[in-house]
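Enquirer: For reference, the sequence and a predicted model appear below.
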Amino acid sequence: MRPTWLLGALLVVSVGAACKGKQGDGKTIRVGVVTSLTGSQAAFGLAHKNGYTIALNEINAKGGVMGKPLEVVFYDDQSKPDQAVQGVAKLIDQDHVPLILGSFGSENTRAMVPAVDQRKVPLIVPTATADNIMEAGSPWVFRICAGSSAYATSTTNFLKDNGAPRTLALIYENTNFGQSNAAAMKTVATAAGMTVVADEGYQPKSPDYKALLQRVKAKEPEVVYYASYLLDAVTLMRQSEEVDFNPKFVTSAGTGFSAAEFPTSTDKGAGKYAEYTFSVSQWLPSSPWAGSKEFDEAFTKLTGGHPAYHATQAYAALLLAADVLSRAKSDQPTAIADALRKTKLDTAFGPIQFDAKGQNAHPVSITQVQHGQYKLVWPGDSAESKPVATPAWSERH
Amino acid sequence: MEFTLRALQAVLNGLLTGSLYALIGMGMALIFGVMRIVNFAHGAFLMVGMYATYMLYDHLHVTPYVGFLVAAALLLGIGVLTYHGLLRWVAERSHFMQILLTLGIALILTGGAQLVFGADYHKANLPLLDVNLHLGRHITINAPWLLSFAITVVLATGMFLFVMKSRFGRALRAIAQNRYAASLMGIHVVRTEALAFGLGLAAVGFAGGLLLPVFYLYPTVGDEFTGKAFVIVVLGGMGSIEGAAVAGVVLGVIESLTSLYWGNEWALTVDFAIFLGVLSLRPSGLFGSQRV
């Protein structure tokens, strides 16, 4: 027996075994998840994974879906759009999942839209806010979170209720997430009569934003609206003090400015520099929907810290997936998409129901960091505390 | 007045960032000058230096301003070992082989860091970060940046003098001029090159340790710095370490001024426009054809 022959035989056997493994054994119902477990957005990807894990345990404790346990196949997109597309291809072509959830960021999720559209498999978008994800008009995409226009509208209405400042600066990272949120804010705020005095995209993950902040400071905006991830949010706030940049309202499109770590004094947080910043929020542990408190407790038990809304969105997305599969009573993508369109589900993240475009109308509130915690300050009827005017850096202690 | 002060502040910030760029660039220039190897793993080694400093800070509470020395010593050792284990064997081979090898090293280091430390990022939140020094009403300097600038100036000068004045430095320059002639003159080429590679990495070890307090670290943090080091080496004249030092500072200042007058989104574009411009119009860089 020649060694090469043996090797060839081994190869055939192992490939056969691998294929068999990937088909699934029919004893579980599988859904695919693409998220950013490594790379620059890993902090959010891990929050996602924790949210999915809690939902999965809950679903399977209640007997799974269609009498079988639910199984989640994770694909790590490394925070890169091309990898997110690879993930879609791998999950559908090799793992044959009939439904995909993901990814975390707008850049990656936007890249996934044509890939699911082409393969005709429904995609549930838990967290990506860029408007162009829905504007692609794919009938296979369903988004449970509010988009960048909703962020801009809530922020603008909040400003109107608080003295209606006139001048606005936009500072955003040069990615789909940043650009989409800045463009939405520009449109909405201009329509509301504000003047955009600075429109500054930046290169994310730089150590030095002082020159950028100086440039914006020279325009003397009353309001600044940030679209940044956590790493940059911390740097931007620290360096705002260095250059003594003092807008009356520091507002933001969530994300970095709404991450659980941001207002804390841990190594990753901005600590006292986060104080007084405003952010849009889609969910807080104190949100009125049934299950919010329970999710907060389960998350705290699992990780030792409170969840930010990204984890809750992942949690709700998987509960939605289980609900849809149960109603569709099928593992065919078309049946699942039909069931998604007929969704009427109450979750810890609020009620989920999709419009003709596949968008869930989720309310956006405004929070402010007060004494190291996110406090709901707008809309007025559900506010936990009043918004506090931002003092100049020199007046803080 | 206000206008000039803003520009002055931007130049100052550029100098502070640029000094770290200079250190990183000098390391790459030294390696390129002596061995003609473009070290694509330069940023990955910077990441290793940052993690080493961070581990010391996190586990043993050693301040990064001491830890950076340990990181440099560690990278010196890693450099010598990497040279003997890997680089030495491709020194005479095509540039393509060398590029593949250093790229491979970079991938292994980045992947290894993800495996060992996870993909999440870390930061050393020193109390020193909260200290700002004010010069008049308009100029502010963050203390850790100033401290790292001072240390960098000392290190860069030391490195320059070492290469230009010491016996070992002369051996390095001899090899850079002609490997064979140098070995005929009794220079131990392998040993000298090993130490040169080690020193080049020690420079990023220093830089990594000093960068940690003002930045954050994650496994792929080095990627952007490899690109910048590249620009610096080309701008400074391939292989000229004093050229790299000046080019690093120049790049820092240009980035800062671009950011102030044109917008931060253009900073990286300008970096690479300079890169292309220098390559096509003045390939010998700022410092002519001078080598290490």
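Expert: Structure received.

Enquirer: Neighbours of the residue nearest to residue B:162 when sequence neighbours are not counted, how many?
Expert: Closest residue to residue B:162 apart from its sequence neighbours, by Cβ to Cβ, 6 or more residues apart in numbering or on different chains: residue B:169 at 5.5 Å. All C-beta atoms are positioned from the backbone trio N, CA, C, and that covers glycine. For residue B:169, the count of nearby residues is 20 (other Cβ atoms under 10 Å in any protein chain shown).

Enquirer: Spell out which parts of the stretch 51-200 of chain B neighbour chain A.
Expert: Residues of the stretch 51-200 of chain B lying close to chain A (Cβ under 8 Å from any Cβ of the partner chain) are B:114, B:118-125, B:129, B:132, B:140, B:142.

Enquirer: what does the domain assignment say about chain A?
Expert: What automatic domain parsing lists as the domains of chain A is A:26-145+A:288-352, A:149-281+A:365-395.

Enquirer: Let me have those in TSV, extended by distance to chain B.
Expert: Below are these laid out as TSV (distance: least, Cβ to the nearest Cβ, whole Å):
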stretch	distance to chain B
domain A:26-145+A:288-352	3
domain A:149-281+A:365-395	4
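
Enquirer: Kindly reformat those as JSON lines containing mean neighbour count.
Expert: Output for the domains of chain A, formatted as JSON lines (neighbours: other Cβ atoms under 10 Å in any protein chain shown):
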{"stretch": "domain A:26-145+A:288-352", "mean neighbour count": "21"}
{"stretch": "domain A:149-281+A:365-395", "mean neighbour count": "21"}
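
Enquirer: closest one to residue B:248 among those?
Expert: Distance to residue B:248, taken as Cβ to Cβ, is lowest for domain A:149-281+A:365-395 among the domains of chain A, at 13.9 Å.

Enquirer: Show me what the least confident helix or strand in chain B by mean pLDDT is packed up against.
Expert: Least confident helix or strand, chain B: strand B:132-135 with a mean of 88, by mean pLDDT, DSSP states H and E. Strand B:132-135 is packed against strand B:139-142, helix B:143-165, with contacts defined by 3 or more Cβ pairs under 8 Å, 6 or more residues apart in numbering or on different chains; DSSP states H and E.

Enquirer: Now residue B:115: which helix or strand?
Expert: In the assignment (DSSP states H and E), residue B:115 maps to helix B:95-117.

Enquirer: Outside of that helix itself, list whatever touches it.
Expert: Here helix B:95-117 makes contact (Cβ atoms under 8 Å, 6 or more residues apart in numbering or on different chains) with A:38, B:36-41, B:43-45, B:47-48, B:51, B:82, B:86-87, B:90, B:219-220, B:222, B:226.

Enquirer: what do you get for stretch A:161-169?
Expert: Identification of contacts with stretch A:161-169 by Cβ under 8 Å, 6+ apart yields A:159, A:185, A:189, A:193-200, A:216, A:219-225, A:247-249, A:378, A:380, A:387.

Enquirer: Which of these fall within helices?
Expert: Taking DSSP state H as the definition of helices, these contribute A:159, A:185, A:189, A:216.

Enquirer: Farthest pair within those residues?
Expert: Farthest pair in the ones in helices among the contacts of stretch A:161-169 (Cβ to Cβ) is A:159 and A:216. Separation: 17.4 Å.

Enquirer: and whichever residue of the stretch 51-200 of chain B sits closest to chain A, which of the three is it?
Expert: Relative to chain A, the nearest point of the stretch 51-200 of chain B is residue B:119 (3.4 Å; Cβ to the nearest Cβ). Here residue B:119 is recorded as coil under DSSP: H, G, I helix; E, B strand; the rest coil.

Enquirer: Would you agree it is in contact with residue A:37?
Expert: Yes: in this structure, residue B:119 is within contact of residue A:37 by Cβ atoms under 8 Å, at 6.6 Å.

Enquirer: Now for residue A:370: which residues touch it?
Expert: The contact partners of residue A:370, by Cβ under 8 Å, 6+ apart, come to A:275-276, A:385, A:388.

Enquirer: try residue A:228
Expert: Taking Cβ under 8 Å, 6+ apart, we find residue A:228 in contact with A:171-173, A:178, A:204, A:236, A:252, A:255-257.

Enquirer: Closest one to residue B:242 out of those residues, please.
Expert: Among these, residue A:204 lies closest to residue B:242 (Cβ to Cβ), at 32.7 Å.

Enquirer: tell me which element the closest one is part of?
Expert: Residue A:204 is part of no helix or strand, with elements assigned from DSSP H and E.

Enquirer: Local confidence estimate at it?
Expert: Residue A:204 carries a pLDDT value of 90.

Enquirer: Same question for residue B:281.
Expert: 87.

Enquirer: how close does it sit to chain A?
Expert: Between residue B:281 and chain A the computed distance is 25 Å (Cβ to the nearest Cβ, to the nearest Å).

Enquirer: host element of residue 33?
Expert: No chain in the question, so chain A it is. Following DSSP H and E, one finds residue A:33 within strand A:29-35.

Enquirer: my question was about chain B
Expert: According to DSSP H and E, residue B:33 maps onto helix B:2-35.

Enquirer: tell me which residues in that helix are buried?
Expert: Using 16 or more other Cβ atoms under 10 Å in any protein chain shown as the test for burial, helix B:2-35 gives B:6-7, B:9-35.
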